[in-house]
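>>> Requesting a structural model of the entry that follows:
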Amino acid sequence: MFLIAHDIRSLHNVGSIFRSADAFGVEKLYLTGYTGTPPRNEIAKTALGSQDRMPWEKREDVLALIVELKGKGMTVVALDNREGAVDLSVFARTLSLSKGTKQSPGLALILGSEVEGVPKEVVAACDATVEIPLPGAKRSLNVAVATGVALFVLGRKIG
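Numbering: from 1, shown residues only. Okay, the predicted model is just below:
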């Protein structure tokens with residue numbers, strides 16, 4: 001599974017995303033848009049060394065990356081709580097993906113900014129949009145926390 005962190009402003013969140021990606025065996029982390037990159041002390045503080053182990057790449061143009069990954073046969077999914085998003089657990093049960101085989105190249109999960117989420121044009125380019133259903137009034141989690149939840153749910157299915 002690949003992970004795309006798009007327009008993540010907080011470097012502490014970027015570090016936490018590195019740590020979760022490493023913990024759940026993500027194959028590669030793409031940092032797109034204005035998402036900060038190592039080496040930064042703020043990233044290192046929460047990544048705890050995972051930024052040095054985790055394969056990652058900086059890409060400015062997330063839409064071009066989506067086209068590239070889809071061209072390789074990957075399913076590209078946005079994690080966003082917008083209207084029409086599918087429950088992450090329901091989506092995970094429908095997956096028949098495995099970790100990067102020729103028969104099933106895998107999944108790329110896109111995370112969006114802490115405030116705005118995944119931009120509409122990025123969601124439109126994705127194969128699906130999934131959400132973590134939440135009963136609370138806020139209906140949102142910190143992006144790094146949501147990443148951990150999503151990787152756990154998806155990792156059980158395709159890891």
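
>>> what's I66 in contact with, if anything?
V76, A108, I110, V122, A125, C126 (Cβ atoms under 8 Å, 6 or more residues apart in numbering). The C-beta positions use only the backbone N, C-alpha and C, and glycine is treated the same way.

>>> Format these as TSV; extra columns: pLDDT and distance to I17.
As requested, the contacts of I66 are exported to TSV (pLDDT from 0 to 100; distance: Cβ to Cβ, whole Å):
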residue	pLDDT	distance to I17
V76	98	17
A108	97	14
I110	99	12
V122	99	17
A125	98	21
C126	98	18
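
>>> Among those residues, which are located in helices?
V122, A125 (DSSP state H).

>>> Format the contacts of I66 as TSV; extra columns: neighbour count.
Converted to TSV, these look like this (neighbours: other Cβ atoms under 10 Å):
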residue	neighbour count
V76	21
A108	26
I110	27
V122	24
A125	19
C126	20
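
>>> Pick out whichever of the contacts of I66 sits closest to I132.
I110 (14.2 Å; Cβ to Cβ).

>>> you'd agree that closest one is up against L69?
No. Counting by Cβ atoms under 8 Å, I110 stays clear of L69, with 9.9 Å between them.

>>> Can you pull the residues that touch both of the two?
Common neighbours of I110 and L69 (Cβ under 8 Å, 6+ apart) are V76.

>>> Report pLDDT for G136.
We have a pLDDT of 84 for G136.

>>> ignore the last one, K99
At K99, pLDDT is 48.

>>> again with A92
What the model reports as pLDDT for A92 is 92.

>>> how near is it to V153?
Distance of A92 to V153, given as Cβ to Cβ, to the nearest Å: 5 Å.

>>> now the helices: where do they sit in this structure?
With helices called from DSSP H, the chain shows them at 11-23, 41-47, 50-53, 62-71, 88-94, 120-125, 143-158.
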